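Enquirer: I would like to see how this sequence folds:
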Amino acid sequence: MKSILTILLTAGLLASCAPKTDTTTTTTTTDTTATTDTTATTPDATTTEGTPADSTLANGDSANASEEADMAAGDGLEGSVMSFDGTARTFMLNEDDKNYTVNVDATTAYEGTATTADDFFGTDRNNASVAVEGAISGDTITATKITTN
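Expert: You can find the predicted model right below:
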């Protein structure tokens, strides 16, 4: 019996001294994120530090980065007010020697030095610098936001 006990203890000790094999599973994933460049450029547009010429970054106004990206992509204009009529709430915008009729409605937002339609149209804005965001169709822009500088 002693010899059986010795054999079992010896076998147990040898088994505990045997090298272990660890199994490690490594999973590798590939990043398939696509990057889309949404900055539109116009032919012959001059740029400063990679900014399209009609972007608000190039003009040094107070528009935020989202507004600048929208306008650079063609969703807005920046220029000077002309033919301003506060009573009729109409005006035209001159951008790079091209004139646009600006249409406003009750949903148009106002930012900058004039934050309401009454503020904006309550002061003569002829020759004022403004940024207008909205849908452009030909020589007309339907304003969703007007930012005064």
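Enquirer: residue contacts, Val130?
Expert: 78-81, 93, 112, 146-149 (C-beta atoms under 8 Å, 6 or more residues apart in numbering). To be clear about C-beta, it is placed using only N, CA and C from the backbone, and glycine gets the same treatment.
Enquirer: let's see 6 Å
Expert: The contact partners of Val130, by C-beta atoms under 6 Å, 6 or more residues apart in numbering, come to 81, 146, 148.
Enquirer: and the first one, how many residues sit next to it?
Expert: Going back to what we said before, that points to Val81. Residues within reach of Val81, counting by other C-beta atoms under 10 Å, total 21.
Enquirer: Over to the one 4 residues further on?
Expert: Neighbour count for Asp85, taken as other C-beta under 10 Å: 13.
Enquirer: Closest one of the contacts of Val130 to Asp139?
Expert: Val81 (15.5 Å; C-beta to C-beta).
Enquirer: Next one: the closest residue to Ser83 other than its chain neighbours from Thr6, what distance?
Expert: Among residues not flanking Ser83 along the chain, Met92 sits closest, at 4.4 Å (C-beta to C-beta, 6 or more residues apart in numbering). Look at Met92 and Thr6: by C-beta to C-beta, to the nearest Å, they are 107 Å apart.
Enquirer: Pick out whichever of the two has more residues nearby.
Expert: Met92 (17 against 10).
Enquirer: returning to that earlier point: out of the contacts of Val130, who's nearest Val104?
Expert: Closest to Val104, out of all of the contacts of Val130 and judged by C-beta to C-beta, is Ile146, at 7.2 Å.
Enquirer: Need the contacts of Val130 in a markdown table (columns: distance to Thr107).
Expert: Output for the contacts of Val130, formatted as a markdown table (distance: C-beta to C-beta, whole Å):
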| residue | distance to Thr107 |
| --- | --- |
| Val81 | 20 |
| Ile146 | 12 |
| Thr148 | 18 |
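Enquirer: Okay, and which of those residues map to helices?
Expert: Using DSSP state H, no member of the contacts of Val130 sits in helices.
Enquirer: quick one: the strands in the chain?
Expert: Per DSSP state E, the chain carries strands over the ranges 76-85, 90-95, 98-103, 109-112, 129-137, 140-148.
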